[in-house]
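Asker: sequence and predicted structure below; questions after.
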Amino acid sequence: MASNTLTRMDLSEAVFREVGLSRNESADLVESVLKHVSDALVAGESVKISSFGTFGIRDKSARIGRNPKTGEEAPITPRRVLTFRPSHLMKDQVAKGNKG
């Protein structure tokens, strides 16, 4: 994992090394898990991963926004947004990483 971004390839490589599946099977497993997560979110379900966090969908209503440069008002349409709430364990782990 040379870069600062964890990619699908990095995840499948970790599965390959730690679980012992072939590289193709590891990639298929990662893709399958990500597809299940995506499908659940599209369906409006929450996805809770123990000791990691909860992904969810929030509906935002229409509102009037303002262009910060010009001050001009513009309508913002209603939309669905993805939210993530980290678990307390994840928050603690990240906080410890910042100190060390």
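Answerer: Yep, that arrived. Only a predicted model underlies this, so the values are computations on that prediction, with no experimental measurement involved.
Asker: can you check which helix is longest in this protein?
Answerer: With secondary structure taken from DSSP state H, the chain has its longest helix at helix 23-42.
Asker: all helices of this structure, in order?
Answerer: With DSSP H as the criterion, the chain has helices at 8-19, 23-42, 88-99.
Asker: what's the closest of the ones you listed to Gly65?
Answerer: Among the helices of the chain, the nearest to Gly65 by CB to CB is helix 23-42 (25.0 Å). (Each C-beta comes from the backbone N, C-alpha and C, glycine too.)
Asker: summarise which helices and strands that closest one is packed against.
Answerer: The contact analysis (3 or more CB pairs under 8 Å, 6 or more residues apart in numbering; DSSP states H and E) places helix 23-42 against helix 8-19, strand 47-49, strand 53-60.
Asker: dump those into a markdown table; add distance to Pro86 as well.
Answerer: A markdown table is the format used below for the helices and strands packed on helix 23-42 (distance: least, CB to CB, whole Å):
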| stretch | distance to Pro86 |
| --- | --- |
| helix 8-19 | 18 |
| strand 47-49 | 10 |
| strand 53-60 | 4 |
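Asker: export the ones you listed to TSV and tack on distance to Arg79, mean pLDDT and mean neighbour count?
Answerer: Formatted as TSV, the helices and strands packed on helix 23-42 follow (distance: least, CB to CB, whole Å; pLDDT from 0 to 100; neighbours: other CB atoms under 10 Å):
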stretch	distance to Arg79	mean pLDDT	mean neighbour count
helix 8-19	26	94	14
strand 47-49	19	97	14
strand 53-60	5	96	14
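Asker: got JSON lines for the helices of the chain, with distance to Pro78 too?
Answerer: Output for those, formatted as JSON lines (distance: least, CB to CB, whole Å):
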{"stretch": "helix 8-19", "distance to Pro78": "31"}
{"stretch": "helix 23-42", "distance to Pro78": "17"}
{"stretch": "helix 88-99", "distance to Pro78": "30"}
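Asker: closest one to Thr77 among those?
Answerer: helix 23-42 (18.8 Å).
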